[in-house]
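Peer 1: Fold the following, please.
(one chain, ligands or ions: 2)
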Amino acid sequence: MADDQRGSGGDSAAGPDAPGQRPVLPPGQYIPRTLPVLHYGPVPVFNARTWDLRILGATESGAEVRLSWDDVAALPAGQVTADFHCVTKFTVPGICWAGVPATEILTRFPPAAAVTHVMIWADFGYSANIRIADFATEGTLLATHRDDARLTPEHGYPLRMVVPALYAWKSVKWVRAVEYLTADRRGFWEERGYHNVADPWQEQRYSHQERAGEGPPL
Ligand SMILES: Nc1nc2c(c(=O)[nH]1)N[C@H]1C(S)=C(S)[C@@H](COP(=O)(O)O)O[C@H]1N2
Ligand SMILES: [Mo]
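Peer 2: Numbering: from 1, shown residues only. Ligands and ions are numbered 1, 2, ... in the order given. So this is what the prediction gives:
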């Protein structure tokens, strides 16, 4: 009981006592006892024959790329183990994700030199904008697997974004397109009051916290 009161959120299931084992969480985050599934809207049904992943917007070549599921499955694999921070304050510790590193997308289907951000699009129109540096950083993946198992439908099967450096709403499930942007635009939650950048270590939760240069006008 007493131990439970000492985590940053009061509902922490993490053992705070063992030196070196205490999880270091971003400000305001806690580890819940049961792990949530969270999204807005329905879970799409995957059909390998009709599914595609489009790379569009300001590509270097000017052309749009359309990848089939087999094309995506043939791309080189990578993995990352990272904590997953939801802006509603729960953190899921140490998820191991595997899939296609975002750097592979940038290398194979390069953006124009003027690209500053990407918009990640999901089925049913959910979207999130990500600065190109956060997209290009090591650990950013288009994941197909979570903890050695194929993603489940509710966790984004067949393909989801994982951006460990940012709050989890940027980790778009059911990804269908990567749009290269030469001017920043807000995605679904960024238009609805969440912070344009979303760095959990700076506790960038809400758009009213944005400073000059951190987001396009609301
Ligand atoms: N397409 C889509 N992706 C989404 C969301 C969503 O509503 N739609 N919610 C985001 C939010 S707010 C969180 S916390 C995580 C939750 O991922 P999980 O359900 O795999 O835990 O998915 C993110 N990706
Ligand atoms: Mo979230």
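
Peer 1: who's R131 bridged to?
Peer 2: H117 (DSSP bridges).

Peer 1: what's the neighbour count on it?
Peer 2: Using other Cβ atoms under 10 Å, R131 has 21 neighbouring residues. (C-beta placed from N, C-alpha, C; glycine too.)

Peer 1: Would you check that it makes contact with Q204?
Peer 2: No. If you go by Cβ atoms under 8 Å, R131 and Q204 don't touch, sitting 11.9 Å apart.

Peer 1: intersection of neighbour lists for the two?
Peer 2: V197 (Cβ atoms under 8 Å, 6 or more residues apart in numbering).

Peer 1: and the longest strand that the chain contains, what's its mean pLDDT?
Peer 2: In the chain, with assignment by DSSP state E, the single longest strand is strand 91-101. Averaging pLDDT along strand 91-101 gives 97.

Peer 1: for that strand, which positions count as buried?
Peer 2: For strand 91-101, the neighbour count (16 or more other Cβ atoms under 10 Å) marks T91, P93, I95, W97, A98, G99, V100, P101 as buried.

Peer 1: what about the fifth one, distance to ligand 2?
Peer 2: I take that to be A98. 21 Å (Cβ to the ion, to the nearest Å).

Peer 1: cool, the last one as well?
Peer 2: With distances taken as Cβ to the ion, P101 is found 23 Å from ligand 2.

Peer 1: ok, now which ones touch the most centrally placed residue in the chain?
Peer 2: Centroid-nearest residue in the chain, with Cα atoms, centre = their mean: S171, separated by 1.7 Å. Residues in contact with S171, defined by Cβ under 8 Å, 6+ apart, are F84, A128, R160, M161, V162, V163.

Peer 1: contacting residues around the fourth one?
Peer 2: I take that to be M161. Contacts of M161 (Cβ under 8 Å, 6+ apart): I120, A128, T140, L141, L142, A143, K170, S171, V172, K173, V175.

Peer 1: which SS class is it?
Peer 2: The three-state label given to M161 by DSSP: H, G, I helix; E, B strand; the rest coil is strand.

Peer 1: before we move on, back to that, against Y126, how distant is the residue nearest to the centre of the chain?
Peer 2: In this view, S171 and Y126 are 11 Å apart by Cβ to Cβ, to the nearest Å.

Peer 1: and what of V162?
Peer 2: V162 sits 15 Å away from Y126, going by Cβ to Cβ.

Peer 1: re earlier: could you check the pLDDT of the residue nearest to the centre of the chain?
Peer 2: pLDDT, S171: 98.
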